[in-house]
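In: let's see this in three dimensions:
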Amino acid sequence: MIKKLKNFGLCYICLISFSINAERFGDPGEIIAVKASSDDIDKYLTVEINESLYKLIPLPFEKQNESIYVDDEKININQKDFGESRITIENNSMVNLSREDSDRAFKESKIIQKALNNYSKFLVPDLNFMNPVKGIISSRYGKKRYINNQPRSPHLSLDIAAAEGTKIVSPTKGRVILVGDFFYAGNYIVIDHGYGLLTSYSHLSKIFVEENQIVTKGEKIGEVGSTGRVTGPHLHWTVYLNKVRINPELLIQEGYLESLL
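Out: Below is the predicted model of the structure:
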C-alpha cells in the first residue's frame, strides 16, 4: 500500500511539471485565458471562471506562426487558412480611389483609430454576447479578401447579411464613443464596453444612438443598410480587444468563457 502511494505521488508530480512547462497554442483571432492575480485587474480584461481569476489575451491575426509573451508566459499562434472571399464592386471609383476620396478615407481612418484607442474602466464588460442582428453569415473572420480580383487586407470582421432595415442591437452594455458617415464604413457606430473591449458596426441605413449614450444589452442601435463601400445590405461587425481584432463569432457561442479553460 505504501509503495502504491509513492508511485501515485511521483506520477502526480510529473503531471504537474508537464502542465507547467507545456507550451500554449491558439488560433489567430482567438482569446487565451491566462491565470491572473489581483494586480492584473487594472491592466487587463479579467474574468472569474470557476472561482479563479483569468486575464483575457487576444491573439493577433498578423502574428501567425509567431509567439507573443504575456508577463513572461509564451503563447504560440498557429498558422490557419481561413479561406478567401472574392467580391465585385461595379462602381470602380469605390475600388480605385480618386485623390479626393483617398484623402477623405485617410482622414476618417485617423478619426476611427483615435476612437479605438479609448480605454474606459467605468464599464465592466459582459462577455456573454448576444447576436447583434438576425441574418445569414456572408463572410467570416480571417478570409483573404479580393475586390475586383485585387488582393486587399484580410477580412477581420464578421459580415451578416440581412434585409435593409433589419434591427441591429448592442450585444452587451456599453457607451457609444463614435457615430459618423464614413467613406468605407458608411453609417458607422463604435461602442466601448470597457477594459479594452470595443465593437463597431458598419453600413447602417439608420442610426438610433448618439455619442456618449449608454446602451444596454439588446437595445436597438441601428438598422441594416448598404451605405459606404458594399455589394448589398449587411452588417459588418468588428470586435476589438486591446486594439486587436478578434473573431466576433466566438463571443456569441454559448458558454464561450468556460470553453477557454
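In: drop to CA atoms for contacts and neighbour counts, all remaining ones
Out: Noted.
In: tell me how many other residues crowd residue 128.
Out: Using other C-alpha atoms under 10 Å, residue 128 has 16 neighbouring residues.
In: number of nearby residues for residue 96?
Out: Neighbour tally, residue 96, other C-alpha under 10 Å: 10.
In: tell me the pLDDT of it.
Out: Residue 96 carries a pLDDT value of 83.
In: next one: residue 93
Out: Model confidence at residue 93 (pLDDT) stands at 75.
In: please apply the same query to residue 1.
Out: 35.
In: do residue 11 as well
Out: Value listed for residue 11 in the pLDDT field: 35.
In: hey, where'd the helices end up in this structure?
Out: 2-21, 99-116, 248-251, 256-259 (DSSP state H).
In: comparing these by mean pLDDT, which bottoms out?
Out: When mean pLDDT is averaged over each of the helices of the chain, helix 2-21 scores lowest at a mean of 36.
In: what mean pLDDT does stretch 154-174 have?
Out: Confidence over stretch 154-174 (mean pLDDT, whole number) is 97.
In: quick one: end-to-end distance for that stretch.
Out: End-to-end distance of stretch 154-174: 27 Å, with C-alpha to C-alpha, to the nearest Å as the criterion.
In: in that stretch, what's buried?
Out: Within stretch 154-174, the residues scored as buried using 16 or more other C-alpha atoms under 10 Å are 154-162, 164-174.
In: distance of the residue nearest to residue 44 when sequence neighbours are not counted from residue 242?
Out: Computed as C-alpha to C-alpha, 6 or more residues apart in numbering, the closest residue to residue 44 that is not its neighbour in sequence is residue 55, at 5.9 Å. Separation of residue 55 from residue 242 (C-alpha to C-alpha) stands at 12 Å.
In: sort out for me which of the buried residues of stretch 154-174 are in strands.
Out: Counting by DSSP state E, the buried residues of stretch 154-174 place 154-155, 158-161, 167-169, 174 in strands.
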